[in-house]
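Only the shape, not the letters, is given here:
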Ligand SMILES: O=P(O)(O)OC[C@H]1O[C@](O)(COP(=O)(O)O)[C@@H](O)[C@@H]1O
Ligand SMILES: [Mg+2]
Ligand SMILES: [Mg+2]
């Protein structure tokens with residue numbers, strides 16, 4: 001898998017340069033989820049696709065920005081699903097954004113994810129690789145240097161509650177209020193990558209993107225966003241659930257499926273499970 005990680009590192013350096021110099025405006029296209037694509041989304045997608053085309057171990061790729069799976073090498077072992085520029089609408093206000101990659105074998109499903117990688121483009125560029133463990137690297141003088149392993153504590157102090165609040169179920173609202181009452185601090189930028197990276201590096205907490213009245217299956221996409229981060233959180237001694245069970249056990253029926261999702265350290269996730277079990281129906 002090393003050549004895949006090297007390809008991702010190469011794409012991260014090109015995307016960093018694109019973000020620094022590129023146009024943050026909208027294109028005239030929509031992606032399959034119905035989001036208007038930014039010029040940066042399209043350009044980052046092209047960068048990654050062109051680099052992955054050169055890697056012989058990749059069988060097929062699928063991007064959040066494209067409709068279909070693209071076959072690359074019939075003898076390749078790995079399938080990669082990626083979100084080329086997550087949180088792209090935050091680039092114009094100079095908040096952090098990211099890229100997310102899920103590496104799968106056999107077919108695109110939560111059960112088949114074998115590794116994941118994400119990149120944070122912030123004041124510094126950091127890259128996190130999850131295999132059997134979770135390792136963080138930082139871009140220094142155009143090279144990724146190993147910095148540290150990432151492990152969550154049993155309990156954290158941060159709360160990142162996503163989605164439109166007036167569409168929350170009453171029990172979800174009460175749970176979030178209770179968590180704040182217990183002294184947790186609000187940390188939500190609207191960029192999944194920096195928001196989840198912050199919880200990982202500060203030792204723990206909760207990130208939630210529930211099902212809501214306007215989006216019963218949430219917003220975040222399983223293959224490109226939810227499963228890769230679920231893999232990271234599990235390997236970092238945390239958990240990722242759909243409110244009830246491991247989100248990596250949720251079935252994928254379409255490549256652009258979304259799922260409610262909760263990522264965090266054990267204490268916070270067990271709290272979500274209890275509230276959802278007592279109040280919600282799956
Ligand atoms: O504003 P909301 O509804 O809380 O949604 C925020 C979420 O949407 C996203 O921006 C979606 O990602 P894209 O920018 O790749 O579409 C996530 O990064 C973030 O967690
Ligand atoms: Mg995204
Ligand atoms: Mg995106």
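In hand now; what should we look at? Nothing here was measured: the structure is a model prediction, and the numbers come from that model. Ligands and ions are numbered 1, 2, ... in the order given.

Give me the neighbour count for whichever residue of the chain sits closest to ligand 1.
In the chain, the residue that lies nearest ligand 1 is residue 192 (3.3 Å; CB to the nearest ligand atom). The C-beta positions use only the backbone N, C-alpha and C, and glycine is treated the same way. Residues within reach of residue 192, counting by other CB atoms under 10 Å, total 26.

Which residue is the nearest non-sequential neighbour of it?
residue 86 (5.5 Å; CB to CB, 6 or more residues apart in numbering).

check contacts around the one you found.
Residues near residue 86 by CB atoms under 8 Å, 6 or more residues apart in numbering: 97, 98, 99, 100, 191, 192, 193, 225.

so what's the residue of the stretch 101-250 of the chain found nearest ligand 2 up against?
Closest contact between the stretch 101-250 of the chain and ligand 2, by CB to the ion, is at residue 225 (5.1 Å). Listed by CB under 8 Å, 6+ apart, the contact partners of residue 225 are 64, 83, 86, 100, 192.

Pick out whichever of these sits closest to residue 49.
Nearest to residue 49 among the contacts of residue 225 is residue 64, at 12.2 Å by CB to CB.

Residue 272 and residue 133, how far apart?
Distance, residue 272 to residue 133, by CB to CB, to the nearest Å: 25 Å.

Compare these two (neighbour count), which wins?
Neighbours were counted for residue 272 and for residue 133 using other CB under 10 Å; residue 272 has more, 22 against 12.

ok, back up a step: tell me the least confident of the contacts of residue 225?
Minimum pLDDT across those is recorded for residue 64, with 94.

Neighbours of residue 27, how many?
For residue 27, using other CB under 10 Å, the count is 15.

hang on, it in a helix?
No - using DSSP: H, G, I helix; E, B strand; the rest coil, the assignment for residue 27 is strand, not a helix.

I figured it hits residue 35, correct?
No - the pair residue 27 / residue 35 is not scored as a contact, 10.8 Å apart, by CB atoms under 8 Å.

Show me where the stretch 151-282 of the chain has its helices.
Using DSSP state H, counting those that start in this stretch, the helices assigned to the stretch 151-282 of the chain run over residues 170-181, 192-201, 227-235, 266-279.

can you tell me if stretch 88-101 touches ligand 2.
No - residues of stretch 88-101 contacting ligand 2 under CB under 5 Å from the ion: none, with a closest distance of 6.8 Å.

quick one: buried residues of that stretch?
For stretch 88-101, a neighbour-count test (16 or more other CB atoms under 10 Å) marks 88, 89, 90, 91, 96, 97, 98, 99, 100, 101 as buried.

And for it, what's in contact with it?
Stretch 88-101 has contacts (CB under 8 Å, 6+ apart) with 8, 11-12, 15, 19, 24, 38, 40-41, 44, 48, 80-87, 116-123, 189-194, 197, 224-225, 228-229.

Intersect these with the contacts of ligand 3.
Restricting the contacts of stretch 88-101 to those within reach of ligand 3 (CB under 5 Å from the ion) leaves 83, 86.

mind listing which of the contacts of stretch 88-101 are in helices?
Mapping the contacts of stretch 88-101 onto helices (DSSP state H) picks out 8, 11-12, 15, 19, 40-41, 44, 48, 192-194, 197, 228-229.

and of the buried residues of stretch 88-101, the nearest to ligand 2?
Distance to ligand 2 across those (CB to the ion) is lowest for residue 100, with 6.8 Å.
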